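one predicted model, sequence on top.
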Amino acid sequence: MNKDLKKEFEILKHSDIYEIVEDSTNVSKITLHPMKTYTPPCGNPMIGSMITVGLLPSAFPYDIVYSYDVAENSATKNYQYKLQVYQSLWLFNIFRLGRTFSKQSGKALLGSYIASNK
């Protein structure tokens, strides 16, 4: 596993799809690819939060293309998922511990993985 892509690694770790171990004798090897993030083209949802100094919450949809390869024996299979993650801009988010971008993205990745393997 290439851990040099820190965000991608954290997302995969939080998804709990695979058990990640440091043993090099494992059958499966995962190669992460850089994710592509598509942010909203306009900042209009931020205006309310900016005017009210964060008292009015706003949400931004992020479209993420997340992909990785799983190599087992001599076969390599590519997995690619389109994730939608909403990030909010709100003053009281500083009190919401444990809800980070990588955790939300990991849950979205797990949901996409389960939906594609039905």
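Arrived safely.

ok, for residue 3, nearest residue in space, not its chain neighbours?
Spatially, and ignoring its direct neighbours in sequence, residue 3 is nearest to residue 9 (5.1 Å; Cβ to Cβ, 6 or more residues apart in numbering). The C-beta positions use only the backbone N, C-alpha and C, and glycine is treated the same way.

let me fix that: residue 71
Leaving aside its sequence neighbours, residue 71 sits nearest to residue 29 (Cβ to Cβ, 6+ apart; 4.7 Å).

so where do the helices sit in the protein?
For the chain, the helices defined by DSSP state H cover 6-15, 44-51, 101-116.

for those helices, which one sits closest to residue 64?
helix 101-116 (6.5 Å; Cβ to Cβ).

comparing the helices of the chain by mean pLDDT, which bottoms out?
Among the helices of the chain, helix 44-51 has the lowest mean pLDDT, at a mean of 77.

can you tell me the centre-most residue of the chain?
By Cα atoms, centre = their mean, the mean C-alpha position of the chain lies nearest to residue 105, the distance being 2.9 Å.

circling back: what about the residue nearest to residue 3, distance to residue 68?
Counting by Cβ to Cβ, to the nearest Å, the separation of residue 9 from residue 68 is 10 Å.

and those two? which has more neighbours close in?
Higher neighbour count among residue 9 and residue 68: residue 68, with 24 against 18, using other Cβ atoms under 10 Å.

pretty sure that one is touching residue 12, no?
Yes. With contacts counted by Cβ atoms under 8 Å, residue 68 reaches residue 12, the gap being 6.9 Å.

ok, the closest residue to residue 90 other than its chain neighbours to residue 31 distance?
In this structure, residue 90 finds its nearest non-sequential neighbour in residue 57, 3.8 Å apart by Cβ to Cβ, 6+ apart. The gap separating residue 57 from residue 31 is 38 Å, by Cβ to Cβ.

for the worst-scoring helix or strand of the chain on mean pLDDT, list every residue counted as buried.
Lowest by mean pLDDT, DSSP states H and E among the helices and strands of the chain is helix 44-51, with a mean of 77. Across helix 44-51, burial judged by 16 or more other Cβ atoms under 10 Å covers residue 49.

run a quick neighbour tally on residue 92.
Neighbours of residue 92 under the rule other Cβ under 10 Å: 10.
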